[in-house]
Structure formats: C-alpha cells, structure tokens
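Q: test case, fold it:
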Amino acid sequence: MSISDPRVETGSRTVDQTAVNPVADAQALATPPPLSVPHGSSGTHAASPQHTISDRDLTLMQISCDFVCACIALPLSLLLLSRLSSAPGNASGELLRNMKIDSLFPLAVVLALALGGVYRVAHRRLQPSAFLELRELSFGVGCGCVLALAIGEFLHAASGTVEPNATQLVMAVIVAIGVITVGRVVLRFFLRTLTTTRVLVVGSGTTADRIMLSVRQEPAMTLVGRAVDGDTVDAGAIGRVTDLPELCRQLDVHRILVAANEQFSAESLDIYRRLQDSVHIAMVPRYFELISWRSRLTDLSGTPLLEIAQPHMSAWDKFMKRAFDLCMSSAVLLAMSPLLVVVAVGVKLSSPGPVFFRQVRLGRSAEPFKVIKFRSMTMDAEAAPAADAAPERDDPDLPLHELRNKDDETGRITHFGAFLRRTGTDEIPQFINVFKGDMSIVGPRPFIPKEANVEGWATRRFEVRPGITGLWQVSGRNDLTRNDLVQLDYLYVASWSLWWDLKIMFETPMTMVRGTGAY
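A: Below you'll find the predicted structure:
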C-alpha cells in the first residue's frame, strides 16, 4: 500500500480513512502509511486472532473455570489428606462420604470471589497476571472455606446433617489455590490464542510510541491505530479525539489507551464519558514517571489523589533481598548444573574459543565487576570492539537495539549462540555473579562503563546490585529506548518490594519464550 493510498491497514480489514474521519476537512489531511511492526515485536497485525469475546462471556468463562477447578481440587485435597493424616475419617475409603459432606466448598469459593469483586474487575485488566491474583485468590478461597464451614454448621444445627470437617476444608483451600491458578493460566492461554482485544491509542510523542510498542508485543491485543488529542492529525494518526465515536464503531475498538500530554478539553472529556459505556478506557496519569504499582488511589472530599510511594529500601529490605539471592542462586546452580555442562559443550563445539564471555559492568555504587555469560559470538567478533560497548549514537529516544547496533552483530553470532540469546540461556552463568555478590537475580540492567553517564535521580539505580532480569527485561528489553530503561530502573529501585521481585521472576520465563526484545 502506498502512502498516497487513502486507506489504513487496521489488522483485520482495510478501512477507507475518508469514510472513517467525519470532519469536513478530512480530504486535506495527510494519509499515514500502514502501521508497521518493528523488528523484534510479536507482529500482531499479521497474525492476530480475529475472534472477540464480550465482557459478560469472559466473566461467565472465568466463573465456570474457577468452579470446575474448585470441584477438581476438592477430591484431590481429600486424597492428599488421606496420605498425610492417620485419622479414620480422612481415610481414602471415606472419599465419597467426605466429598458429599464438603460439597458446598466449590460453590462457596465462587460465591466468595464474586462478593469480593474479583469477577467485576477482571475484564478491565490490560495484562492479567496469575501471580498478581494470588493475593485476592488466596483471600477469596479462604473466605469460601469460612463460608462453607458456616453454612455447614448452620445446616447441622437446623436439620442434623453431618458437621463439616475443618481440617478437610483447610486442605481444600491449599490445593484449590494452586489448581485455580493453573486453570486460569490455561484459560488465558486459549483466550490469547483464539481471541483478541482491539486497541486504539490516543496521543503522540514518546509515551504514545511506547504504549503502541507494548500493545504490538502483547499477543492478546491488536493495535488498530492512533488518534491525536488536538486539531492537527500528524503522520501515522488516523483521526482526532472528536472522531473517536465513529472510529470505535468502524474499527470495532474494544479498548482505548490515552497518552495525552496536555490537559483534556471539555469536548474531549464529554467524548470519553460517552464512550465509557461501550469501550474500556485507560489513561496514563500525569507525572507517570513518579508512579509505580505501589502508588495508591485515595480521595479528598471526592477529589481523587494518587499517592506516590516513598522511595526507600530499609536495612531489612536489603537483608531479605540478599538472603533471597543467595538461596535462589545456590539452588539454581545446583539444579541446573547438568544443563550448564550441556550448554558449555555446545558452545565449545559451535566455534573455537572459550566457553564463557566476560565483560566489565558497573555494579552497586558503580563499582566495576566482570559479568559472566556463555559465549554466543565468534572469537573475531569478541576481540573486536563490541557494538554495545561503544555506541556510535547517543540518542536517548532510539531503541536500544539500534543504539547498540545489535542488528550489525547478526552475522557474527553463531547458530548455537543465536539460540542461547533468544532463550536467555546465555545469561545462566550470571547466577555465579549473584552468588558472589556482584549481582542480584532481579535488579536494574548492568551498565557497561560507557553507558553510565546518568545524573541526578537516575543515579539511584546504583543503590542496588544489577540484576539478571528486571523490570526492563519483562517490559521490552532491547526494543525500549535508553530513556525508558533509565526510567524503569529508577522506578524499580524507588518502589522495591520482595513481592515485585517475585512477580518479575514469574513473568521472565514467558518473555524468554517469546524472545521479546532479544537480539
């Protein structure tokens, strides 16, 4: 499609822009080229699923999934308890009887989750995470246990039914949390494979670009275009905020992500209010650079306020993080030692040279150390000045893979090395750095010395050890800009918690499997 062609590719169909844009001067607007997927993205335009699912159907599917999983968890927990308990009432021969006594448990769990509002907000989440749901799921299943006990005791007192066994229900809670979590992961896998959420971005500049990149990388989303909150439609945009009702109807938009840099006009607010009934809307708050997941929404006499989490790590926080790193690195190195041997042999056979690649990086307090990786390039490439060690350009708005000339390395990477990089296996030896205390499992990206020209608030990244994985890795890796990297590192240090580390670790394997931002 040429630039002069008055059509815009939207992922599932080709739409005539002059038909979509209802404003009188639409013929005078410069028609943007089709939205392109950058190198390293998931390519949602080319291969995104075409089926959609309503909020009501999604809620019913989640309720059904949780109920079925709770029904499966009940007999599993009773069988497990029969192995652990010597009480005659918990014996495997009493399985059917106990299932009948505790049969209220699955229904009580779903009812407790519904009363807690779990199903009411599930469809509003941009990137549902089974890990983040563990807290509310644990609380909901626990409340379901209490509810089942209360109803059972009431029926026992009123009609003489058999009294429920608290030990059995507590075991059912433990098993149900795990089974429901697995069930939700499986359900979302099929939903991502068979359905899509069509997203329209509103805004311009680097914030809008970063949101569009994230949408393209998300398999469950399809980017249909970008609109602007102003009078001038710039290159790449398909309309204005005033065109949103028609754009949403024509392009079958399910969600609008707003990244406006200026204050909304009264007309824009009115349009967003009208769209709320049919389209999910999410907005990037002002000063989003200060806001993290620990920030909390509160109000003052009806005026919403977003409280900024205080940026600090106590001595206890640092002790917990280091203790966690020691335990995990020891366990990983011990458990993965056979894999390390296999990979080492593969590296040695792939090309002449050493098994490991060592490079100077900056750690905590900007102290230098040598990071250890499996070698993925030929020896002549390793001997030459590394592209990422001496970037030719210093544009903070360029993607990292362009800034570090990652594309130029393609011809120098061995076939086995390409596999190691794509899967992240080349970074496993860094657990040795973690054990030694040079690095952490989760933390900021370890800078090479020539990248360390950060000032002011950005230097907080050096207050903690750099990490094998981190917020930067699960957010796009080398597809991010340098500004994105510095901002994410600051947010991680300023808002650290062990729970956030666990979440990042939970999301890292999926990022590695997808190869997001890997070069």
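Q: only C-alpha atoms for contact and neighbour calcs from this point on.
A: OK.
Q: tell me the pLDDT of residue 18.
A: Model confidence at residue 18, given as pLDDT, is 38.
Q: same thing with residue 394?
A: So residue 394 comes in at 59 (pLDDT).
Q: skipping adjacent residues, who's closest to residue 113 in space?
A: Among residues not flanking residue 113 along the chain, residue 140 sits closest, at 4.9 Å (C-alpha to C-alpha, 6 or more residues apart in numbering).
Q: now residue 356. Its backbone dihedrals?
A: Phi and psi for residue 356, reported as degrees, to the nearest 10, are phi -100, psi 150.
Q: next up, the contacts around the residue lying closest to it once chain neighbours are set aside.
A: Nearest non-adjacent residue to residue 356, counting by C-alpha to C-alpha, 6+ apart: residue 374, 4.5 Å away. Contacts here follow C-alpha atoms under 8 Å, 6 or more residues apart in numbering; on that basis residue 374 touches 344, 347, 355-357, 425-429.
Q: again, only this time at 7 Å
A: By C-alpha atoms under 7 Å, 6 or more residues apart in numbering, residue 374 lies in contact with 355-357, 426-427, 429.
Q: same question, residue 284
A: So residue 284 contacts 258-259 (C-alpha under 7 Å, 6+ apart).
Q: picking up where we left off before, next SSE after the helix or strand hosting the residue nearest to residue 113?
A: If you go by DSSP states H and E, residue 140 is part of helix 134-159. Per DSSP H and E, the first helix or strand lying C-terminal to helix 134-159 is helix 166-194.
Q: tilt between that following helix and helix 134-159?
A: 130 degrees (axes from the mean of the first three to the mean of the last three C-alpha atoms, to 10 degrees).
Q: and helix 166-194, what does it pack onto?
A: Applying 3 or more C-alpha pairs under 7 Å, 6 or more residues apart in numbering; DSSP states H and E, we find helix 166-194 packed against helix 55-84, helix 134-159.
Q: mind doing that once more with 6 Å?
A: In terms of contacts (3 or more C-alpha pairs under 6 Å, 6 or more residues apart in numbering; DSSP states H and E), helix 166-194 is packed against helix 55-84.
Q: so where do the strands sit in the chain?
A: 7-9, 14-16, 197-203, 221-228, 239-240, 255-259, 280-283, 296-300, 303-307, 356-362, 368-374, 440-442, 467-469 (DSSP state E).
Q: okay, those in TSV with distance to residue 90 next?
A: Below are the strands of the chain laid out as TSV (distance: least, C-alpha to C-alpha, whole Å):
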stretch	distance to residue 90
strand 7-9	62
strand 14-16	63
strand 197-203	47
strand 221-228	47
strand 239-240	66
strand 255-259	50
strand 280-283	48
strand 296-300	45
strand 303-307	50
strand 356-362	55
strand 368-374	52
strand 440-442	42
strand 467-469	45
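Q: nearest to residue 92 among those strands would be which one?
A: strand 440-442 (42.9 Å; C-alpha to C-alpha).
Q: so in that sheet, which strands flank the closest one, and in what orientation?
A: strand 467-469 (parallel) (DSSP bridges).
Q: quick one: distance of the partner strand to the chain centre.
A: Distance, stretch centre to chain centre, for strand 467-469: 16 Å (C-alpha atoms, centre = their mean, to the nearest Å).
Q: one step back: now the helix holding residue 140 and helix 55-84, what's the angle there?
A: Using the same axes, to 10 degrees: helix 134-159 against helix 55-84 is 70 degrees.
Q: what mean pLDDT does helix 134-159 have?
A: Helix 134-159 comes out at a mean pLDDT of 90.
Q: which helices and strands sit right next to it?
A: Against helix 134-159 (3+ C-alpha pairs under 6 Å, 6+ apart) you get helix 104-115.
Q: just the buried positions in the helix it packs on, please.
A: Buried residues in helix 104-115, counting neighbours by 16 or more other C-alpha atoms under 10 Å, are found at 104-113.
Q: cool, and stretch 417-430?
A: Quick answer for stretch 417-430 (16+ other C-alpha under 10 Å): 417-418, 420-430.
Q: repeat for stretch 139-158
A: Buried, per 16+ other C-alpha under 10 Å, within stretch 139-158: 139-149, 152-153.
Q: distance from that stretch to the middle of the chain?
A: Distance, centroid of stretch 139-158 to centroid of chain: 36 Å (C-alpha atoms, centre = their mean).
Q: residues in contact with that stretch?
A: 104-105, 108-109, 112-113, 163-164 (C-alpha atoms under 6 Å, 6 or more residues apart in numbering).
Q: apply 8 Å and report the result again.
A: Contacts of stretch 139-158 (C-alpha under 8 Å, 6+ apart): 102, 104-105, 108-113, 116, 161-164, 166, 169-170, 173, 176-177.
Q: next one: stretch 180-193
A: For stretch 180-193, the surrounding residues in contact (C-alpha under 8 Å, 6+ apart) are 49, 62, 65-66, 69-70, 130, 134, 219-220.
Q: just the buried residues of these.
A: Among these, those buried by neighbour count (16+ other C-alpha under 10 Å) are 49, 62, 65-66, 69-70, 130, 219-220.
Q: just send the contacts of residue 374 back as a markdown table, with pLDDT too.
A: Output for these, formatted as a markdown table (pLDDT from 0 to 100):
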| residue | pLDDT |
| --- | --- |
| 355 | 91 |
| 356 | 92 |
| 357 | 91 |
| 426 | 88 |
| 427 | 89 |
| 429 | 93 |
